[in-house]
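Colleague: Sequence and predicted structure, then a few things I'm wondering about:
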Amino acid sequence: MPKALQPHPDRALPAGEARDIARRIYQSVRDLPLLCFHGHVEAALFATDEPFGDPADLLVVPDHYVTRMLVSQGVPLESLSAGGDPREIWRAFCSHWHLFRGTPSRYWIEHELAEVLGVKLAPSAETADELYDEISARLAEPSFRPRALLDAFRIELISTTDAATDDLAHHKALAAELPGRVIPTFRPDALVYVDTPGWAENVRLLGEIAGQDTSTYDGYLEALRERRRAFIESGALASDHGHFSASTEPLSDEAARAVYADALRGEAGAAAEAFAGHMLFQMAAMSAEDGLVMQLHPGVLRNHSTDVLDRFGRDRGYDIPVQTEFTRSLRPLLERFGHAEGFGLVLFTVDETVYSRELAPLAGVYPTVRLGAPWWFLDSPDGMRRFRELVTETAGFANMSGFVDDTRAFLSIPARHDLARRIDAGYLARLVTEHRLAEDEALEVAADLAYNLASTTYRR
Amino acid sequence: MPKALQPHPDRALPAGEARDIARRIYQSVRDLPLLCFHGHVEAALFATDEPFGDPADLLVVPDHYVTRMLVSQGVPLESLSAGGDPREIWRAFCSHWHLFRGTPSRYWIEHELAEVLGVKLAPSAETADELYDEISARLAEPSFRPRALLDAFRIELISTTDAATDDLAHHKALAAELPGRVIPTFRPDALVYVDTPGWAENVRLLGEIAGQDTSTYDGYLEALRERRRAFIESGALASDHGHFSASTEPLSDEAARAVYADALRGEAGAAAEAFAGHMLFQMAAMSAEDGLVMQLHPGVLRNHSTDVLDRFGRDRGYDIPVQTEFTRSLRPLLERFGHAEGFGLVLFTVDETVYSRELAPLAGVYPTVRLGAPWWFLDSPDGMRRFRELVTETAGFANMSGFVDDTRAFLSIPARHDLARRIDAGYLARLVTEHRLAEDEALEVAADLAYNLASTTYRR
Amino acid sequence: MPKALQPHPDRALPAGEARDIARRIYQSVRDLPLLCFHGHVEAALFATDEPFGDPADLLVVPDHYVTRMLVSQGVPLESLSAGGDPREIWRAFCSHWHLFRGTPSRYWIEHELAEVLGVKLAPSAETADELYDEISARLAEPSFRPRALLDAFRIELISTTDAATDDLAHHKALAAELPGRVIPTFRPDALVYVDTPGWAENVRLLGEIAGQDTSTYDGYLEALRERRRAFIESGALASDHGHFSASTEPLSDEAARAVYADALRGEAGAAAEAFAGHMLFQMAAMSAEDGLVMQLHPGVLRNHSTDVLDRFGRDRGYDIPVQTEFTRSLRPLLERFGHAEGFGLVLFTVDETVYSRELAPLAGVYPTVRLGAPWWFLDSPDGMRRFRELVTETAGFANMSGFVDDTRAFLSIPARHDLARRIDAGYLARLVTEHRLAEDEALEVAADLAYNLASTTYRR
């Protein structure tokens, strides 16, 4: 017999005597609007406002949390990729639903199915076809168009992430139609790693779109400044930097010019990583001038399997974290901009070892630094709980960024914010039961974590 | 007055409202048979089936968890070593029983004394002699012979760990007498670290037993293949690799041949570590061919005190963990065999920092990789709990190896499995109380963790 | 309306069924005397026994936990520094009181205000002036003089930390007036980092005060030995070493002499770090001879902001931890002195990753090694709880140092010990509720952690 899908009203709240307090705290923030300052939904989604595709295309194929788990248990990635039969993909997903026990994907998808899509049965081999048809019908309704969901989800603001060379055409339209609600984020990664395939072409495109001569390092910097201005005009509040390491050691102008010239000739070689660190420093310098809040999330070895990259492309679940260092790496940047008026830096990590050792001590003293929410694999019930326990005592609550959903999966956004609000409620309730915080204080902090801190961090 | 020894029926289960659920989960798996796919009990124990020696020889002298704690509080190691007066050793242990408060040794030994040996009093200076006599009498009973205990412990299968040069004589006898119940594991470490004392002699022995000419690298590889075949014929399902680092970078054939030739002349020098990494890659290649599941447990600096090594030998409690890296180190191996049909890799660590950062992300995507149970110092109540909390959200339950006891102490095997089942019950009960998992799901997962996953991981 | 300041009697105790047990354990140790073997209060405070200054000077300006949090939220450090208007500084602190929610500073200061100073209202912009006047009046009372507070706080012994070149004049007076109650600790850091500004002058001073010729390395060692004797005569029981790394690799005598000679000429350069490691080894050699217990707390990058250092000096909250290694680093020292009669080593860290991986395994076998209490940022409710959970299972309780307050803030000492006793009570109560420890055992362990272990570790 198919199982019912009934997310419990108290899910992810702590058991025991903390529960009642946690419930009250959660209730007080549950319906606050969502601020989504760091995400990966495409601007085109809102610009065109077309209906979503089929269930597989919406919930399985683009979600690397989902595909990686299926692959890990022997489902071939080729059978889960765009171009396959969507109903077959959906069946593969439903028949492996048990694999998600204990994972945040289980929580998010249950929330999406039950609370967004109104599904009443749990996925299984048995229910796959029924769910497929039901969801397909739902997605065809006008109330499930992207813009309608923006309202239904109470999303006050959502930020996309856009290549520095993006023409922002969708954002220009959106700025007129939904002013201040869908904004771009400036992501220059493809322009600062001089040894990535296509770098020279990207730099050429940059010059073209910025109207600058990027055949020289100085023209390249000017073009970046120009694009930042364009992003700001389209509403951008932040830049986003996904570097391999957190190094921010600047090169001399001469050295930077030399590496740049070498790179254009395809000869940057070993200097590429140093140039990327140099460019983080330059981006901070520009941020201090133009006010874009700088977001840094280092420490991931992308595309661990070259074969998967070659056959299926990027973002397929093969990005694996590595140990990351912040104290020494950020020092050059913080020595220069750590107290700079108008500068802001939000730090993310997938390496929990730096929470209490490096990130909380840094955010707990530099007025420009805030700690980003638990990122990627760590955006999970126990992951978020550990984050609070490991950073709060040194950094306090006020040096946090507030929640950041960081997702391509638009339908999962309410689930992600909801889960974070529940986990924070549970953490705060524990402090209350241990008489480390009064309940009225906990209520104030909960609102800060759910809404206010994101607003001040990103200086809306 | 002597204290009673009464292990509580609810020991190691969580308090609070999770307890009732935890009890039900634990009860459902408590009596499942034991699968012991990774251990260090000697095959001779079962082949000869002779009675155990005295209490000191059984419970103190060979247990480095016990001797290291006594040494740390000033009991000289010489007074705890084989050849000493066993009654004196036993007295030293009993009079320091309080030192084990809060440690897993306390739990294991209490279980062994009370539930296996029927002892009613806690160890102390006062009870030492009485316990010594009582245990000695018990060990002389036929029902305490090793094979009888195999049955009493409900051990369905137990694997020993054997040097690649072992002649497997005991295993050949056991295969006939206890078919499929006591099996060997192929451990070639002494043959791949070319700078360890005795390496050349081991390689000569390898050639002799395998009937190959190991004076060349190619003959050496062939001899290893041959020994793997012999192990498989004796029932082996797995190989075991205790490397210092997890590096798996292969050398070219030419480079490997050169290091090997140098090593035979005693001139391998700095290339030894690189050759060990190369051989991990070669072992994976052989595993992909012959199906032995590869177990890797890196990251321990063995014999931290040279003086202790010289005076008392290996495995005396002076092996200390170091930081370990997996993401980059395993990449060469996983690029080649990570999706290979028939290949299997189980990863262990004594460095908890890699749980959420590297191991769970790797096991959560590569279909050939499973996460081994918490190893060595981490095979403890809070250690096992942290493991579940740190890996489950990213790797799910299905990518775990199931419990592995990894012990020389045969009498502790039921205690170790029992403790793991209790801790897992407690973890799952928490998920149930937090409405993150339904109780019927938790019961299924508990059986997987206690029994089924070990079976599928090691492909019995 | 101003809020009342009423620390709850159960604060920092666990909720649920562990609370009653935790209460009983806490009550059993609450009133034990305080042993403060590692602190940074100045000897002059007790020697002169003058009244404390104003509230800002007592509770804000010298407390880098407090100033760093205010700075992190935009209060300029210049407005919080000595020389400023104390009432304005106090107002800034009170009006930002909410920033300390969730931090140990909140706990400590609440305890100081309510239980030491008798304040009834929580700090706020509204209450700042009233509190300032009330505290000022209180500090003028004779019962608030430092020596009177020594009694009121039940401090049985307090150790200061003193430069090796300190003339110990205050300590000589105190040894006569308060024998054995206020003792010095030998801290030679300024003499072993040959590349720090002022090193040569410090070495000259060392020669002068020790009556030795420090123009040679051998005279320098002899001068250090001489100063250690002088400290021991003034009651010292320990030395204290705040190195950047934990390296203890000795140089040859020739190499050490050469670095020393180079350093006197200002040419030590890259050898400075190696020389510091060499000197840790030498300090251990001297400890093994003279019995001073060696305390090592490595792993902090001091003065992360050069600008803050230049403008405001050291110890202003800009010291940030880095990853630290112990297993390999301590090996040379432990190979030589790890089992030496009379030697003692207490290890501290701000890198939690080494708790279970390196420190507990080392302290759990070497009879000379004890684990120091959670240090600095980790001296916090959740930090202390994690410490117990991460080290106890491998090291047991007997290999711990007992609590160490490590503070410049004299008034916070009772709060710090009280918080540690509460957290330990909570941890032990959990073990009792999980039937991992009997309550009578927990009571014994609690007394060890609160009092006895410090006494045996520092060999009073």
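Modeller: In hand now; what should we look at? Numbers count the residues shown, from 1 in each chain, chains lettered A, B, ... in the order given.
Colleague: Roughly how far does residue A:406 sit from chain C?
Modeller: Counting by C-beta to the nearest C-beta, to the nearest Å, the gap from residue A:406 to chain C is 24 Å. C-beta here means a position set from N, CA and C on the backbone, and glycine is covered the same way.
Colleague: Number of residues surrounding residue A:20?
Modeller: By other C-beta atoms under 10 Å in any protein chain shown, the residues close to residue A:20 number 12.
Colleague: show me what contacts it?
Modeller: Neighbour list for residue A:20: empty [criterion: C-beta atoms under 8 Å, 6 or more residues apart in numbering or on different chains].
Colleague: Just want to check the distance between the residue of the stretch 351-460 of chain A found nearest chain B and residue A:261.
Modeller: The stretch 351-460 of chain A approaches chain B most closely through residue A:380 (4.0 Å), counting by C-beta to the nearest C-beta. Relative to residue A:261, residue A:380 is positioned 45 Å away (C-beta to C-beta, to the nearest Å).
Colleague: Who has more neighbours out of these two?
Modeller: residue A:380 (25 against 14).
Colleague: For the more buried one, which residues are in contact?
Modeller: A:103, A:104, A:374, B:393, B:394.
Colleague: from those, which is closest to chain C?
Modeller: residue A:374 (16.0 Å).
Colleague: ok, back up a step: measure the residue of the stretch 351-460 of chain A closest to chain B to residue A:65 for me?
Modeller: 10 Å.
Colleague: again with residue A:372
Modeller: 19 Å.
Colleague: just residue A:357 next, same as before
Modeller: Applying C-beta to C-beta, the value for residue A:357 to residue A:65 is 27 Å.
Colleague: follow-up on the earlier one: quick one: which of the contacts of residue A:380 has the most company?
Modeller: Using other C-beta under 10 Å as the neighbour test, those are led by residue B:394, with 31 neighbours.
Colleague: That one contacts residue B:358, correct?
Modeller: No: Residue B:394 lies out of contact with residue B:358 (C-beta atoms under 8 Å); the separation is 10.3 Å.
Colleague: Show me the strands in the stretch 351-460 of chain A, by range?
Modeller: Assigned by DSSP state E, counting those that start in this stretch, the stretch 351-460 of chain A shows strands spanning A:369-371.
Colleague: Residues of it that sit close to chain B?
Modeller: Counting by C-beta under 8 Å from any C-beta of the partner chain, the stretch 351-460 of chain A comes close to chain B at A:351, A:352, A:353, A:377, A:378, A:380, A:381, A:382, A:383, A:386.
Colleague: Outline the domain layout of chain A.
Modeller: Domain assignment for chain A by automatic domain parsing gives A:18-50+A:145-457, A:52-142.
Colleague: Tabulate the ones you listed (CSV), appending mean pLDDT.
Modeller: Listed next are the domains of chain A as CSV, based on pLDDT from 0 to 100:
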stretch, mean pLDDT
domain A:18-50+A:145-457, 97
domain A:52-142, 97
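Colleague: I'd like those domains as TSV, with distance to residue C:131 appended.
Modeller: Below are the domains of chain A laid out as TSV (distance: least, C-beta to C-beta, whole Å):
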stretch	distance to residue C:131
domain A:18-50+A:145-457	19
domain A:52-142	45
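Colleague: number of nearby residues for the closest residue in space to residue A:449 that isn't next to it in sequence?
Modeller: In space, and not counting its chain neighbours, residue A:449 is closest to residue A:424: 4.9 Å by C-beta to C-beta, 6 or more residues apart in numbering or on different chains. Neighbourhood size, residue A:424 [other C-beta under 10 Å]: 27.
Colleague: what's the spacing between residue A:424 and residue A:29?
Modeller: 8 Å.
Colleague: cool, and residue A:451?
Modeller: Taking C-beta to C-beta, one finds residue A:451 at 7 Å from residue A:29.
Colleague: Kindly check the end-to-end length of stretch A:445-454 for me.
Modeller: 13 Å (C-alpha to C-alpha, to the nearest Å).
Colleague: what sits up against that stretch?
Modeller: So stretch A:445-454 is contacted by A:25-26, A:28-29, A:32-33, A:35, A:37, A:370, A:397-398, A:400-404, A:417, A:420-421, A:424-425, A:428, A:437, C:101-102 (C-beta under 8 Å, 6+ apart).
Colleague: Mind giving me the PyMOL command for buried ones among these?
Modeller: Buried residues within the contacts of stretch A:445-454, by 16 or more other C-beta atoms under 10 Å in any protein chain shown, are selected in PyMOL with:
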select buried, (chain A and resi 25+26+28+29+32+35+37+370+397+398+400+401+402+403+404+417+420+421+424+425+428+437) or (chain C and resi 101+102)
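Colleague: sorry, back to before: I'd like to know which of the contacts of residue A:380 is nearest to residue C:237.
Modeller: Set against residue C:237, the nearest of the contacts of residue A:380 by C-beta to C-beta is residue A:374 (43.7 Å).
Colleague: and the residue nearest to residue A:239 when sequence neighbours are not counted, what is it in contact with?
Modeller: Nearest-residue entry for residue A:239: residue A:186, 4.2 Å, with adjacent residues in sequence omitted and distances by C-beta to C-beta, 6+ apart. Neighbouring residues of residue A:186 by C-beta under 8 Å, 6+ apart: A:162, A:164, A:227, A:228, A:231, A:236, A:238, A:239, A:240, A:292.
Colleague: same deal with residue A:172?
Modeller: Residue A:172 neighbours (C-beta under 8 Å, 6+ apart): residue A:234.
Colleague: Tell me how far it lies from residue A:197.
Modeller: Relative to residue A:197, and taking C-beta to C-beta, residue A:172 is found at 30 Å.
Colleague: can you check residue A:388 too?
Modeller: 40 Å.
Colleague: More neighbours: which of these two?
Modeller: In this view residue A:388 and residue A:197 are compared by other C-beta under 10 Å, and residue A:388 has more residues nearby, 23 against 7.
Colleague: how near is the more buried one to residue A:446?
Modeller: Distance of residue A:388 to residue A:446, given as C-beta to C-beta: 12 Å.
Colleague: Please verify my assumption that residue A:427 contacts residue A:382.
Modeller: No: under the criterion of C-beta under 8 Å, residue A:427 is not in contact with residue A:382, lying 11.3 Å apart.
Colleague: So between those two, which is more surrounded?
Modeller: Comparing residue A:427 with residue A:382 by other C-beta under 10 Å, the one with more neighbours is residue A:427, at 26 against 22.
Colleague: ok, that one - contacts?
Modeller: Here residue A:427 is in contact with A:385, A:388, A:389 (C-beta under 8 Å, 6+ apart).
Colleague: Format those as JSON lines; extra columns: distance to residue A:114.
Modeller: JSON lines is the format used below for these (distance: C-beta to C-beta, whole Å):
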{"residue": "A:385", "distance to residue A:114": "23"}
{"residue": "A:388", "distance to residue A:114": "27"}
{"residue": "A:389", "distance to residue A:114": "30"}
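Colleague: What is the nearest of those to chain C?
Modeller: Nearest to chain C among the contacts of residue A:427: residue A:389, at 4.8 Å, using C-beta to the nearest C-beta.
Colleague: Can you tell me, leaving aside adjacent residues, what's nearest to that closest one?
Modeller: Nearest one to residue A:389, counting by C-beta to C-beta, 6+ apart, is residue C:382 at 4.8 Å.
Colleague: give me every residue that touches that neighbour.
Modeller: A:389, A:390, A:392, A:393.
Colleague: cool, and residue A:210?
Modeller: A:222, A:223, A:224, A:226, A:227, A:230.
Colleague: One more pass at 10 Å, please.
Modeller: Residues in contact with residue A:210, defined by C-beta atoms under 10 Å, 6 or more residues apart in numbering or on different chains, are A:164-165, A:219-220, A:222-230.
Colleague: Equivalent analysis for residue A:381, please.
Modeller: A:11-12, A:102-104, A:107, A:419-420, A:422-423, A:426, B:389, B:393, B:431, B:434, B:436.
Colleague: Residue A:33 now?
Modeller: A:153, A:154, A:155, A:156, A:157, A:417, A:450, A:451.
Colleague: SS state for the fifth one?
Modeller: This points to residue A:157. strand (DSSP: H, G, I helix; E, B strand; the rest coil).
Colleague: wait, doesn't it sit right on residue A:235?
Modeller: Yes: between residue A:157 and residue A:235 there is a contact at 9.3 Å, judged by C-beta atoms under 10 Å.
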